[in-house]
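S.K.: below: sequence and its predicted model.
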Amino acid sequence: DIQLTQSPSFLSASVGDRVTITCRAGQGISNFLVWYQQKPGKAPKLLIYATSTLQSGVPSRFSGSGSGTEFSLTISPLQPEDSATYYCQQLHSEPLTFGPGTKVDIK
Amino acid sequence: EAQLVQSGAEVKKPGESVKISCMGSGYSFTNYWIGWVRQMSGEGLEWVGMINPSDSDTRYSPPFRGQVTISVDKSSSAAYLQWSSLAVSDTAIYYCARLPFYSGRFWSFDYWGQGTLLMVSS
(Lines give C-alpha, C1' and ligand atoms only; values in the text may rest on other atoms or scores of the structure.)
Protein backbone atom coordinates (compact mmCIF):
# COMPACT_ATOMS: atom_id res chain seq x y z
CA ASP A 1 0.00 0.00 0.00
CA ILE A 2 1.11 3.55 -0.69
CA GLN A 3 1.19 5.51 2.56
CA LEU A 4 0.56 9.25 2.52
CA THR A 5 1.68 11.63 5.23
CA GLN A 6 0.61 15.26 5.59
CA SER A 7 2.27 18.14 7.36
CA PRO A 8 1.41 19.99 9.38
CA SER A 9 -1.51 18.18 10.98
CA PHE A 10 -2.87 21.53 12.17
CA LEU A 11 -2.20 25.12 11.25
CA SER A 12 -3.62 28.42 12.32
CA ALA A 13 -3.25 31.44 10.05
CA SER A 14 -4.76 34.83 9.43
CA VAL A 15 -7.00 36.00 6.64
CA GLY A 16 -4.83 37.06 3.73
CA ASP A 17 -1.95 34.73 4.60
CA ARG A 18 -0.36 32.23 2.26
CA VAL A 19 -0.51 28.70 3.64
CA THR A 20 1.03 25.52 2.29
CA ILE A 21 0.19 21.93 3.16
CA THR A 22 2.58 19.15 2.19
CA CYS A 23 1.67 15.59 1.27
CA ARG A 24 4.38 12.95 0.96
CA ALA A 25 3.91 9.54 -0.62
CA GLY A 26 5.76 6.42 0.46
CA GLN A 27 6.66 5.72 -3.17
CA GLY A 28 6.39 7.54 -6.47
CA ILE A 29 2.85 8.21 -7.64
CA SER A 30 3.61 10.32 -10.73
CA ASN A 31 0.97 13.05 -10.74
CA PHE A 32 -1.96 10.98 -9.46
CA LEU A 33 -2.53 13.13 -6.41
CA VAL A 34 -5.79 14.81 -5.44
CA TRP A 35 -6.77 17.33 -2.77
CA TYR A 36 -10.11 17.56 -0.98
CA GLN A 37 -11.58 20.06 1.44
CA GLN A 38 -13.97 18.90 4.14
CA LYS A 39 -15.97 21.15 6.44
CA PRO A 40 -17.63 19.82 9.63
CA GLY A 41 -20.74 17.80 8.92
CA LYS A 42 -20.24 17.95 5.16
CA ALA A 43 -18.99 15.61 2.47
CA PRO A 44 -15.49 16.19 1.13
CA LYS A 45 -15.23 18.49 -1.86
CA LEU A 46 -12.76 18.01 -4.72
CA LEU A 47 -10.35 20.93 -5.05
CA ILE A 48 -7.50 19.75 -7.25
CA TYR A 49 -6.79 16.61 -9.28
CA ALA A 50 -3.78 15.40 -11.24
CA THR A 51 -1.59 17.32 -8.76
CA SER A 52 -2.30 20.78 -10.12
CA THR A 53 -5.56 20.89 -12.10
CA LEU A 54 -8.19 23.02 -10.42
CA GLN A 55 -11.64 21.46 -10.33
CA SER A 56 -14.30 23.56 -12.03
CA GLY A 57 -15.75 26.18 -9.69
CA VAL A 58 -12.89 26.10 -7.20
CA PRO A 59 -11.41 29.56 -6.48
CA SER A 60 -8.05 30.30 -8.04
CA ARG A 61 -6.49 31.02 -4.63
CA PHE A 62 -6.10 27.24 -4.36
CA SER A 63 -3.17 25.74 -6.21
CA GLY A 64 -1.32 22.45 -6.23
CA SER A 65 2.15 21.36 -7.24
CA GLY A 66 4.64 18.53 -6.98
CA SER A 67 5.49 15.20 -8.54
CA GLY A 68 6.81 11.81 -7.60
CA THR A 69 6.62 11.65 -3.82
CA GLU A 70 6.23 15.24 -2.63
CA PHE A 71 3.21 17.43 -3.25
CA SER A 72 1.76 20.62 -1.87
CA LEU A 73 -1.49 22.52 -1.66
CA THR A 74 -1.25 26.29 -1.34
CA ILE A 75 -4.02 28.66 -0.39
CA SER A 76 -3.31 32.33 -1.06
CA PRO A 77 -4.81 34.56 0.12
CA LEU A 78 -6.48 32.65 2.91
CA GLN A 79 -10.16 33.45 3.36
CA PRO A 80 -12.46 32.87 6.36
CA GLU A 81 -14.42 30.21 4.46
CA ASP A 82 -11.22 28.16 3.99
CA SER A 83 -11.42 26.92 7.59
CA ALA A 84 -11.65 23.17 7.03
CA THR A 85 -9.72 19.92 7.01
CA TYR A 86 -7.75 19.16 3.85
CA TYR A 87 -6.96 15.64 2.66
CA CYS A 88 -4.67 14.41 -0.07
CA GLN A 89 -5.37 11.13 -1.88
CA GLN A 90 -3.36 9.03 -4.30
CA LEU A 91 -5.03 7.30 -7.23
CA HIS A 92 -1.82 5.84 -8.66
CA SER A 93 -2.55 2.33 -7.45
CA GLU A 94 -4.97 0.31 -5.38
CA PRO A 95 -5.73 0.42 -2.58
CA LEU A 96 -6.49 4.09 -3.05
CA THR A 97 -5.25 5.86 0.06
CA PHE A 98 -5.84 9.17 1.78
CA GLY A 99 -3.55 11.28 3.88
CA PRO A 100 -4.47 11.78 7.55
CA GLY A 101 -5.65 15.33 6.99
CA THR A 102 -4.58 18.86 7.87
CA LYS A 103 -6.91 21.05 9.86
CA VAL A 104 -6.74 24.73 8.91
CA ASP A 105 -7.97 27.24 11.44
CA ILE A 106 -8.45 30.96 10.86
CA LYS A 107 -7.05 33.20 13.60
CA GLU B 1 -25.15 18.68 -12.92
CA ALA B 2 -24.19 15.33 -11.48
CA GLN B 3 -25.69 14.43 -8.14
CA LEU B 4 -25.38 11.46 -5.80
CA VAL B 5 -28.11 11.01 -3.20
CA GLN B 6 -27.65 8.48 -0.43
CA SER B 7 -30.16 6.66 1.71
CA GLY B 8 -30.92 7.79 5.24
CA ALA B 9 -29.31 7.00 8.56
CA GLU B 10 -29.49 3.46 9.89
CA VAL B 11 -29.48 2.26 13.49
CA LYS B 12 -28.76 -1.44 13.83
CA LYS B 13 -27.73 -4.03 16.36
CA PRO B 14 -24.58 -6.16 16.13
CA GLY B 15 -25.12 -9.17 13.91
CA GLU B 16 -27.84 -7.52 11.84
CA SER B 17 -27.59 -6.84 8.13
CA VAL B 18 -28.01 -3.58 6.25
CA LYS B 19 -27.80 -2.25 2.70
CA ILE B 20 -27.25 1.45 2.03
CA SER B 21 -27.77 3.03 -1.34
CA CYS B 22 -26.38 5.77 -3.55
CA MET B 23 -28.44 7.01 -6.47
CA GLY B 24 -26.83 8.92 -9.31
CA SER B 25 -28.52 11.49 -11.52
CA GLY B 26 -27.61 14.22 -13.95
CA TYR B 27 -25.00 12.16 -15.81
CA SER B 28 -24.58 8.86 -17.60
CA PHE B 29 -24.43 6.47 -14.65
CA THR B 30 -22.57 3.70 -16.46
CA ASN B 31 -19.76 6.00 -17.63
CA TYR B 32 -18.24 6.49 -14.17
CA TRP B 33 -17.17 4.18 -11.37
CA ILE B 34 -18.78 4.62 -7.94
CA GLY B 35 -16.57 4.45 -4.86
CA TRP B 36 -17.35 4.15 -1.16
CA VAL B 37 -15.46 5.91 1.62
CA ARG B 38 -15.71 5.41 5.39
CA GLN B 39 -15.26 8.14 7.96
CA MET B 40 -15.37 7.12 11.58
CA SER B 41 -16.29 9.75 14.15
CA GLY B 42 -13.61 12.42 14.33
CA GLU B 43 -11.33 10.47 12.01
CA GLY B 44 -10.05 10.67 8.46
CA LEU B 45 -11.20 9.18 5.18
CA GLU B 46 -10.74 5.51 4.26
CA TRP B 47 -11.37 3.99 0.86
CA VAL B 48 -13.72 1.00 1.12
CA GLY B 49 -13.97 -0.04 -2.50
CA MET B 50 -15.51 0.77 -5.86
CA ILE B 51 -17.58 -0.64 -8.67
CA ASN B 52 -17.93 -0.10 -12.39
CA PRO B 53 -21.67 0.17 -13.09
CA SER B 54 -21.24 -0.85 -16.73
CA ASP B 55 -19.91 -4.35 -16.01
CA SER B 56 -20.00 -4.64 -12.17
CA ASP B 57 -16.20 -4.96 -11.94
CA THR B 58 -15.62 -4.47 -8.19
CA ARG B 59 -12.49 -3.65 -6.21
CA TYR B 60 -12.09 -3.67 -2.44
CA SER B 61 -9.58 -2.18 -0.04
CA PRO B 62 -7.96 -5.13 1.79
CA PRO B 63 -9.37 -4.30 5.28
CA PHE B 64 -12.90 -4.32 3.86
CA ARG B 65 -12.69 -7.34 1.55
CA GLY B 66 -14.99 -10.02 2.84
CA GLN B 67 -16.56 -7.60 5.34
CA VAL B 68 -18.80 -5.68 2.93
CA THR B 69 -20.34 -6.20 -0.48
CA ILE B 70 -20.57 -3.52 -3.14
CA SER B 71 -23.17 -3.93 -5.87
CA VAL B 72 -24.98 -1.92 -8.50
CA ASP B 73 -28.30 -1.79 -10.30
CA LYS B 74 -27.67 0.15 -13.47
CA SER B 75 -31.34 0.07 -14.42
CA SER B 76 -32.06 2.32 -11.46
CA SER B 77 -28.71 4.16 -11.43
CA ALA B 78 -28.01 2.98 -7.90
CA ALA B 79 -25.00 1.56 -6.13
CA TYR B 80 -25.11 -0.28 -2.84
CA LEU B 81 -22.92 -1.08 0.13
CA GLN B 82 -24.06 -3.91 2.34
CA TRP B 83 -23.12 -5.85 5.43
CA SER B 84 -24.42 -9.29 6.34
CA SER B 85 -23.35 -9.19 9.98
CA LEU B 86 -22.66 -5.81 11.51
CA ALA B 87 -20.18 -5.05 14.28
CA VAL B 88 -20.07 -2.05 16.58
CA SER B 89 -16.83 -1.07 14.83
CA ASP B 90 -18.79 -0.52 11.58
CA THR B 91 -20.31 2.61 13.10
CA ALA B 92 -19.32 5.48 10.81
CA ILE B 93 -20.47 7.79 8.05
CA TYR B 94 -20.23 6.18 4.63
CA TYR B 95 -19.91 8.32 1.53
CA CYS B 96 -20.34 7.33 -2.08
CA ALA B 97 -18.49 9.26 -4.76
CA ARG B 98 -18.13 9.26 -8.51
CA LEU B 99 -14.79 8.33 -10.10
CA PRO B 100 -13.92 9.47 -13.59
CA PHE B 101 -11.89 6.80 -15.39
CA TYR B 102 -10.17 7.69 -18.65
CA SER B 103 -6.87 7.13 -20.37
CA GLY B 104 -6.68 3.95 -18.32
CA ARG B 105 -6.55 5.74 -14.96
CA PHE B 106 -8.74 6.94 -12.11
CA TRP B 107 -8.47 10.67 -11.55
CA SER B 108 -10.49 11.75 -8.52
CA PHE B 109 -13.68 11.39 -6.54
CA ASP B 110 -15.33 14.34 -8.22
CA TYR B 111 -18.90 14.26 -6.91
CA TRP B 112 -19.86 13.00 -3.48
CA GLY B 113 -23.07 11.89 -1.84
CA GLN B 114 -24.19 13.55 1.36
CA GLY B 115 -23.14 10.58 3.48
CA THR B 116 -25.08 7.88 5.33
CA LEU B 117 -24.64 7.51 9.07
CA LEU B 118 -24.56 3.88 10.15
CA MET B 119 -24.82 3.36 13.88
CA VAL B 120 -24.37 -0.12 15.31
CA SER B 121 -25.12 -0.50 18.98
CA SER B 122 -26.49 -3.14 21.29
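M.R.: Nice, thanks for sending it over. Not measured: the values here are computed from a predicted model.
S.K.: which non-adjacent residue is nearest residue 29?
M.R.: No chain was given, so I picked chain A. Once flanking residues are discounted, residue A:29 sits nearest to residue A:92: 3.7 Å by CB to CB, 6 or more residues apart in numbering or on different chains. (Each C-beta comes from the backbone N, C-alpha and C, glycine too.)
S.K.: think we crossed wires, I meant chain B
M.R.: Going by CB to CB, 6+ apart, residue B:29 has residue B:77 as its nearest residue, at 4.0 Å.
S.K.: return the residues in contact with the residue most central in space within chain A.
M.R.: For chain A, residue A:35 is the residue whose C-alpha lies nearest the centre (CA atoms, centre = their mean; 3.9 Å). By CB atoms under 8 Å, 6 or more residues apart in numbering or on different chains, residue A:35 lies in contact with A:23, A:46-48, A:62, A:64, A:73, A:86-89.
S.K.: quick revisit: count the residues that sit near the residue nearest to residue A:29.
M.R.: 17 (other CB atoms under 10 Å in any protein chain shown).
S.K.: what sits against it?
M.R.: Contact analysis of residue A:92 by CB under 8 Å, 6+ apart lists A:2, A:25, A:28-30, A:32.
S.K.: pLDDT value on the residue nearest to residue B:29, please?
M.R.: Residue B:77 is assigned 98 on the pLDDT scale.
S.K.: against residue A:52, how distant is it?
M.R.: For residue B:77, the distance to residue A:52 equals 32 Å [CB to CB, to the nearest Å].
S.K.: same deal with residue A:84?
M.R.: 20 Å.
S.K.: show me which of those two is the more surrounded one.
M.R.: Legend: neighbour count by other CB under 10 Å for residue A:84 and residue A:52, higher for residue A:84 (22 against 17).
S.K.: tell me how far the more buried one lies from residue B:1.
M.R.: Distance from residue A:84 to residue B:1, by CB to CB: 22 Å.
S.K.: quick check: buried residues in stretch A:5-20?
M.R.: A:6, A:11, A:13, A:19 (16 or more other CB atoms under 10 Å in any protein chain shown).
S.K.: and for stretch B:23-31?
M.R.: Buried residues in stretch B:23-31 (16+ other CB under 10 Å): B:23-24, B:29.
S.K.: over to stretch B:29-45?
M.R.: B:29, B:32-39, B:44-45.
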